[in-house]
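Q: got a predicted structure plus its sequence, pasted below:
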Amino acid sequence: MFRLDGDEIGGHFGRSVNSGSDVSGDGLPDMMIEAPGEETPDGAGTSTFFTSIATSGDEDQDGYSNQEEISERSDLRNRDSTPDLTFIHLNTGFNLVSIPAEMLYMDTAFKLVPILGNGKEIDRALHLNTDIGRYEEAYYAPGNTLTGTDFQNRNGDAHIIYAKEERIVPFTSKVCPTWNLVAGLNLVGTPCASADMTAFRLLKDIGSETVVSSIQWYNSSAGQFDTAAYENGQPVGMDFHIVPGEGYFIFMKSAVSGFRP
Ligand SMILES: [Ca+2]
Ligand SMILES: [Ca+2]
């Protein structure tokens, strides 16, 4: 029995090795599967991401195949990142937006800004670097040349975008982020808050008055910031809705990590 099994396994093994090594055309499909994954991401750093992945599988078991996630640019190793149609709406001038899509493919400013528009459509993009507590800026110089700081983007970040014209920018993925809120100012957003989520509820969900002080949103139709803030333990001010694609300033008194809005 044992010897028979061994012979069969050996036979199978031998055939597959022979067909792989003798017929080079047989080995090519495997290589072809890996090659598109290496060409799809913009950066060389992400090329190894796909090399050991079978395109037919569902690595993170979120219901979308690896192939779907690669072609729609969601993260095939994150269940909270899926193919979906999302967008941001940019008005002429100042915008406070949070990109609802997976940032794996636009993890730096010089990858992100061209997706938002060219030098005739976009003026500049600012990002709050909470590690140094300072804004970083990428902007178009004359001649459609992107310059300034090639800052890092993470899922759930929000950006200040100065646009030269009104634009809708579509994306093919959606990610539900967790926020790592630092003490002081944060600039964040999410496409995954429940439909009835408002600023007052979000304040209470984040923490008490000793943890968080206020949330601000830019009301573009009024051209001003609306503020929800704790006062004597109760949220007061404007109880605006938390909307996909919008960015929010959150002022924290102490840090809260891994918060899921
Ligand atoms: Ca998947
Ligand atoms: Ca996924």
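A: Everything's here; your move. Ligands and ions are numbered 1, 2, ... in the order given.
Q: from here on, just use CA atoms for contacts and neighbour counts.
A: Will do.
Q: and the stretch 1-150 of the chain, which residues reach ligand 1?
A: By CA under 5 Å from the ion, the part of the stretch 1-150 of the chain that sits against ligand 1 consists of 58, 60, 62, 64-65, 76.
Q: can you pick the most crowded of those?
A: L76 (27 neighbours; other CA atoms under 10 Å).
Q: any idea how the chain splits into domains?
A: Domain ranges of the chain: 2-72, 84-175, 179-259, per automatic domain parsing.
Q: can you tell me which of these the model trusts least?
A: Lowest mean pLDDT within these: domain 2-72, at a mean of 50.
Q: which parts of the stretch 101-250 of the chain are helices?
A: 109-116, 199-206 (DSSP state H, counting those that start in this stretch).
Q: wait, which of these is closest to ligand 2?
A: Nearest of the helices of the stretch 101-250 of the chain to ligand 2, taken as CA to the ion: helix 109-116 at 20.2 Å.
Q: hmm, I250 and W217 touching each other?
A: No: W217 sits out of contact with I250 when judged by CA atoms under 8 Å, with a separation of 9.2 Å.
Q: of these two, which one has the most company?
A: I250 (25 against 22).
Q: hang on, the earlier thing: could I get the helices of the stretch 101-250 of the chain as TSV with mean neighbour count?
A: Below are these laid out as TSV (neighbours: other CA atoms under 10 Å):
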stretch	mean neighbour count
helix 109-116	19
helix 199-206	18
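Q: got JSON lines for these, with distance to G184 too?
A: Below are the helices of the stretch 101-250 of the chain laid out as JSON lines (distance: least, CA to CA, whole Å):
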{"stretch": "helix 109-116", "distance to G184": "23"}
{"stretch": "helix 199-206", "distance to G184": "14"}
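Q: re the thing from before, among the residues of the stretch 1-150 of the chain next to ligand 1, which are in reach of ligand 2?
A: Okay, of these touching ligand 2 (CA under 5 Å from the ion), that's L76.
Q: interface residues of the protein facing ligand 2?
A: So far as CA under 5 Å from the ion goes, the chain lies against ligand 2 at 75-76, 78-79, 81-82.
Q: generate a ChimeraX selection restricted to the buried entries among the residues you listed.
A: Buried subset of the residues of the chain next to ligand 2, written as a ChimeraX selection, criterion 16 or more other CA atoms under 10 Å:
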select :75,76,79,81,82
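Q: that's a helix at Q67, yeah?
A: Yes: when DSSP: H, G, I helix; E, B strand; the rest coil is applied, Q67 is found to be in a helix.
Q: with adjacent residues omitted, what lies nearest to it?
A: T55 (4.7 Å; CA to CA, 6 or more residues apart in numbering).
Q: quick one on the thing from earlier: now secondary structure and pLDDT too, for the residues of the chain next to ligand 2, in TSV please.
A: Below are the residues of the chain next to ligand 2 laid out as TSV (DSSP: H, G, I helix; E, B strand; the rest coil; pLDDT from 0 to 100):
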residue	secondary structure	pLDDT
D75	coil	97
L76	coil	96
N78	coil	97
R79	coil	97
S81	strand	98
T82	strand	98
